[in-house]
Every structure is written in C-alpha cells, then in structure tokens.
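**Student:** Got a sequence here, can you model it:
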Amino acid sequence: MTDQPVDLDKHRGMAAQKATDLRRALAEVEAHVRELREREADLEHRMMTVPAASWQEAAVKARHLLNLYAASLPAEDTRHRALVSALFDDFARLSGDG
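**Tutor:** So this is what the prediction gives:
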C-alpha cells in the first residue's frame with residue numbers, strides 16, 4: 001500500500017475520460033450560471049429598492065430593463081429591436097457617451 005493517491009482517470013478508457021470531462025465541464029458551467037442568476041437577482045433587488053439619484057442612474061436601470069426586453073424579442077421582430085437600439089443611441093448621445 002502507498003500513501004500516494006491513485007489517479008483513476010489514467011485507468012479509464014478514452015470514452016470514459018471524455019464523458020467525465022464533459023460532466024465536470026457541465027457542472028462548472030451550471031455553477032457559473034447559478035452564480036450569475038444570484039448576482040442578477042441581487043442587482044435587480046437593489047435597483048428596485050434604491051431610488052435613482054440622477055437621470056443617469058435611472059437610465060442605467062432602463063438599459064437593464066430594455067436589455068431584458070430585447071432578449072425576449074423574437075429574431076424576426078426587427079422593428080422593436082431597432083426601436084430599442086435607437087433608444088440606446090439616444091441614451092448614449094444625451095449622456096455624452098457617444
């Protein structure tokens with residue numbers, strides 16, 4: 001018996017190693033997605049509970065909401081997508097960013 005751990009991945013076939021790698025990658029992606037959702041929920045909670053102190057802060061909230069709306073639009077809804085894009089351009093122009 002040895003004190004060294006045995007690397008079981010070396011004793012598996014190539015298909016089993018690939019399957020293990022895929023499972024590990026999927027678990028990592030799911031953890032990142034879960035973390036992102038939690039951070040987004042925290043951000044949205046703060047946006048709802050803390051009033052904007054300026055027009056720029058209100059525009060940040062509006063940008064977030066418009067991004068959520070735009071993401072839900074079907075690809076063929078080019079009119080609403082163009083409207084959202086024009087509004088983002090207006091925000092940039094009026095805030096001095098563009």
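**Student:** Share the number of residues neighbouring Leu26, please.
**Tutor:** Residue neighbour count, defined by other Cβ atoms under 10 Å, stands at 10 for Leu26. (Glycine included, C-beta is placed from N, CA and C.)
**Student:** How about Ala59?
**Tutor:** 20.
**Student:** How about Arg63: what's its closest non-neighbour residue?
**Tutor:** For Arg63, the nearest residue in space outside its immediate sequence neighbours is Phe91; the separation is 6.5 Å by Cβ to Cβ, 6 or more residues apart in numbering.
**Student:** isn't that neighbour right next to Lys61, touching?
**Tutor:** No: counting by Cβ atoms under 8 Å, Phe91 sits too far from Lys61 to count as a contact (11.3 Å).
**Student:** higher neighbour count, the two?
**Tutor:** When Phe91 and Lys61 are compared on other Cβ under 10 Å, the one with more neighbours turns out to be Phe91, at 18 against 15.
**Student:** Which elements pack onto the lengthiest helix in the chain?
**Tutor:** In the chain, taking DSSP state H as the definition, the longest helix is helix 14-49. With contacts defined as 3 or more Cβ pairs under 8 Å, 6 or more residues apart in numbering; DSSP states H and E, the secondary structure elements packing on helix 14-49 are helix 55-72.
**Student:** any low-confidence regions in the protein?
**Tutor:** When residues are selected by pLDDT under 70, those of the chain lie in 1, 8-12, 97-98.
**Student:** can you rerun that using 90?
**Tutor:** Low-confidence regions of the chain, defined here as pLDDT under 90, cover residues 1-20, 55-56, 92, 94-98.
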